[in-house]
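In: I would like to see how this sequence folds:
(one chain, ligands or ions: 1)
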Amino acid sequence: MLTNLEQQPADALLALIKLHNADPRADKIDLGVGVYRTGQGDTPVFGAIKAAEQKLVTLQDSKAYLGPEGDMAFVEALMPYVFGKDAPKLGGRIDGMQTPGGTGSLRLALAMAQRAGAKRIIVGKPSWPNHAQICKDLGLEITEFNHATSEGRADMDAVRSAIKGAQAGDVILLHGCCHNPTGIDYAQGEWDEIAGLLADSPALPLIDLAYQGLGHGIEADAYGVRRVLVAVPEAIVCYSCDKNFGLYRDRVGALYVMMAQPDQLPAVMSNGHALARANWSQPPDHGGAAVRLILEDKALTVQWLDELDQMRERIRQVRAKLSGAGVAGNADLSPLGHQNGLFSIVPLSKDQVLEMRERHGVYMAGSGRINVAGLTMANIEKFIDAVADVTA
Ligand code: LMR
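Out: Just a heads-up that it's a prediction; the model follows:
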């Protein structure tokens, strides 16, 4: 039976990890998958996570099952950071559950929306490729709108008409901050307008918040989520701790649902629990427990936020340097300075991306997306020279 299966291509982004590892060149540069790197090119475990893990070893007295919702103390400890300290649970209208990373949260959210009657997902183009892969796997239709203008700003006309054209049965998927892959976010005034449009739309907003703290800080990066949630009756937020706690392979995420009335939540969440049971039964515990221990401890919270500040600061420095280079060959790097988070798109063709890899040992996604954090003061000149070379 299994011979009926056709060979599938490897995930293009994840395949870059292996390609880069296999490259013997000492000066190769990995700008592929989105992991933070220090100025030395490392992706260390956060100090706050290490301390929390030590605590976990000492304090954890059981690894017995918790249930499909995972560690609810973890889910609740994150809520003030996502939804704001002054709006705890928006009057009991928000509930959540733990998921295996942001991908698990998105998978559950989209399956839940589908159970509720969603047929079509409206999403900006380009988006994180896995958004489309999950929708395709679930059999959900996708309609795209243009995310950014050629000047490197958010395309407000496009999102405006996408929301205005949305119908009942549509889900509109927005990136909360640090847009992946463009780094182009909505400004606060733009979020205000989007929230107003969503208030008048029958579409269900689904906000993917996977990089909180890596753009402008924890509070500023939650502006869009919070603004939309006060405007609409129902929304879903998919959260990832994989980047802002550096827990990538531990798969730590959460799904939050906001309903118009608190008494509507149990039925919705019971569907989340049933879907989790049918997919992975229960989320992995370790990373979520470490996050909870950080958020329950003032000193560890300060340490975590400090580490996050340092990451954001380094990303800004790299962006400033790229932007300062101006036009390299034919590629204008200056817009990268005002973009946010780990990713930006360098305007290169597929062939030029391949040349970057083959001639210069620079690994980046086929879309021209780079992980800005893969650049250091030691390799950034080489990268800029390579861009100039392949675009000349
Ligand atoms: C990325 O886009 O590089 C990250 O979100 C990692 C992933 O799972 O794709």
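In: What residue in the stretch 1-150 of the chain comes nearest to the ligand?
Out: For the stretch 1-150 of the chain, the residue closest to the ligand is Gly34, as judged by Cβ to the nearest ligand atom, at 3.1 Å. Every residue, glycine included, has its C-beta placed from N, CA and C.
In: contacting residues around that residue?
Out: Taking Cβ atoms under 8 Å, 6 or more residues apart in numbering as the definition of contact, the neighbours of Gly34 are Asn180, Lys243, Leu342, Phe343, Asn371.
In: Which secondary structure state is assigned to the closest residue to Val372 other than its chain neighbours?
Out: Excluding its sequence neighbours, the residue lying closest to Val372 (Cβ to Cβ, 6 or more residues apart in numbering) is Val318, at 5.2 Å. Secondary structure for Val318, judged by DSSP: H, G, I helix; E, B strand; the rest coil, is helix.
In: related to what we said a few turns ago, give me the subset of the contacts of Gly34 touching the ligand.
Out: When Cβ under 6 Å from any ligand atom is applied, the members of the contacts of Gly34 adjacent to the ligand are Asn180.
In: Go through the contacts of Gly34 and say which is closest to the ligand.
Out: Of all the contacts of Gly34, the one sitting nearest the ligand is Asn180; the distance, using Cβ to the nearest ligand atom, is 5.2 Å.
In: I'd guessed the closest one sits against Phe343; true?
Out: Yes. At 5.2 Å, Asn180 and Phe343 qualify as touching, with contact defined as Cβ atoms under 8 Å.
In: Out of the two, name the residue with the larger neighbour count.
Out: Neighbour tally, Asn180 and Phe343, criterion other Cβ atoms under 10 Å: the higher count belongs to Phe343, 26 against 23.
In: and that one, what does it touch?
Out: Gly34, Cys178, His179, Asn180, Pro181, Thr182, Gly183, Arg369, Ile370, Asn371, Val372.
In: And the contacts of stretch 177-191?
Out: Looking at stretch 177-191 with Cβ under 8 Å, 6+ apart, the contacting residues turn out to be 34, 124, 126-128, 147-148, 152-154, 156, 159, 175, 194, 209-212, 214-216, 220-224, 227-228, 336, 339-345, 365, 367, 369, 372.
In: what packs against the lowest-mean-pLDDT helix or strand in the chain?
Out: For the chain, the helix or strand with the lowest mean confidence is helix 89-92, at a mean of 75 (criterion: mean pLDDT, DSSP states H and E). Under the contact criterion of 3 or more Cβ pairs under 8 Å, 6 or more residues apart in numbering; DSSP states H and E, helix 89-92 touches helix 72-83.
In: list the buried ones in the helix it packs on?
Out: Going by neighbour count (16 or more other Cβ atoms under 10 Å), the buried part of helix 72-83 is Met72, Phe74, Val75, Glu76, Ala77, Leu78, Met79, Tyr81, Val82, Phe83.
In: Likewise for stretch 279-296?
Out: Here stretch 279-296 shows 280, 282-295 as buried, counting by 16+ other Cβ under 10 Å.
In: ok, now stretch 247-258?
Out: For stretch 247-258, the neighbour count (16+ other Cβ under 10 Å) marks Leu247, Tyr248, Asp250, Arg251, Val252, Gly253, Ala254, Leu255, Tyr256, Val257, Met258 as buried.
In: Dihedrals phi and psi, the second one?
Out: The one in question is Tyr248. According to degrees, to the nearest 10, the main-chain angles of Tyr248 amount to phi -20, psi -70.
In: List, one by one, the residues from the chain near the ligand.
Out: The interface of the chain toward the ligand, taken as Cβ under 6 Å from any ligand atom, is made up of Leu13, Val33, Gly34, Trp128, Asn130, Asn180.
In: Could you pull out the strands in the stretch 1-150 of the chain for me?
Out: Under the criterion DSSP state E, counting those that start in this stretch, strands of the stretch 1-150 of the chain are mapped to 29-30, 94-99, 120-125, 141-146.
In: show me what contacts the spatially most central residue of the chain?
Out: Computing the C-alpha centroid of the chain and ranking residues by Cα atoms, centre = their mean puts Ala210 first, at 2.9 Å. The contact partners of Ala210, taken as Cβ under 8 Å, 6+ apart, are Gly102, His175, Gly176, Cys178, Asn180, Cys238, Tyr239, Ser240, Asp242, Lys243.
In: Just want to check the distance between the second one and Leu198.
Out: Relative to Leu198, His175 is positioned 15 Å away (Cβ to Cβ, to the nearest Å).
In: Tell me the pLDDT of Glu141.
Out: The per-residue pLDDT reported for Glu141 equals 98.
In: in a strand, that's where Tyr239 is, yeah?
Out: Yes. Tyr239 sits within a strand when classified using three-state DSSP.
In: Kindly state the beta-bridge partners for it.
Out: Note on Tyr239: beta-bridge partners by DSSP bridges are Leu209, Ala254.
In: Does it touch Leu206 like I think?
Out: No. The pair Tyr239 and Leu206 does not pass the contact test of Cβ under 8 Å, sitting 11.8 Å apart.
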